[in-house]
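> Need a 3D model of the sequence below.
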Amino acid sequence: MAEQIHGHEVMQMLIDLNEPQSKVAFKEEIETKFGAEARFYTCSADNLSSAELIEFLDKKGKFFYSDDGKFTTNPGQICNH
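Numbers count the residues shown, from 1 in each chain. From the prediction side, this is the model:
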C-alpha cells in the first residue's frame, strides 16, 4: 500500500487556508495538494479517501460551522500524538 498522509496534515491545511470551507471546496483543496488517489490515516482509522477523512473528522467534532454551512477548525482540535 502507498504511504498514507496523517489527518493532522489535513487539519493544519484547513487552518492555513484561514477561511471557512465547504466540504466540496475542502475536498478539492486536499486533492490538489495531495492528489486525488491519496489515502489518509488518523489515530483511530486508516486507508481513508479525502471524502472519508472529511466525514470522519466531522463526526469526531473537529469542525466548527458558520451560519452559511462552511467550517473551519483550530489548533486545539489536533491531537498531540
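> Now do the helices in the chain.
Assigned by DSSP state H, the chain shows helices spanning 7-17, 23-34, 50-59.
> confidence score at residue 2?
At residue 2, the model reports a pLDDT of 68.
> Tell me how far residue 25 lies from residue 36.
15 Å (C-beta to C-beta, to the nearest Å). (C-beta placed from N, C-alpha, C; glycine too.)
> before we move on, what about residue 15?
To residue 36, residue 15 is 23 Å away according to C-beta to C-beta.
> Ok, residue 72 next?
In this structure, residue 72 and residue 36 are 23 Å apart, going by C-beta to C-beta.
> More neighbours: the two, which one.
Neighbour tally, residue 72 and residue 36, criterion other C-beta atoms under 10 Å: the higher count belongs to residue 72, 17 against 11.
> Tell me what the more buried one is bridged to.
When assigned by DSSP bridges, residue 72 has beta-bridge partners residue 64.
> residues in contact with it?
14, 15, 19, 20, 21, 63, 64, 66 (C-beta atoms under 8 Å, 6 or more residues apart in numbering).
> Let's see that with 7 Å instead.
Applying C-beta atoms under 7 Å, 6 or more residues apart in numbering, we find residue 72 in contact with 14, 20, 64.
> any chance of these in TSV, plus pLDDT, neighbour count and distance to residue 41?
Listed next are these as TSV, based on pLDDT from 0 to 100; neighbours: other C-beta atoms under 10 Å; distance: C-beta to C-beta, whole Å:
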residue	pLDDT	neighbour count	distance to residue 41
14	95	24	17
20	96	18	25
64	94	12	23
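> pLDDT score assigned to the residue most central in space within the chain?
In the chain, the C-alpha nearest the mean C-alpha coordinate belongs to residue 10, at 4.3 Å (C-alpha atoms, centre = their mean). The model reports residue 10 with a pLDDT of 95.
> Might one say that it is in contact with residue 53?
Yes: contact criterion C-beta atoms under 7 Å: residue 10 and residue 53 qualify, at 6.2 Å.
> what touches both of those two?
Counting by C-beta under 7 Å, 6+ apart, the residues touching both residue 10 and residue 53 are residue 40.
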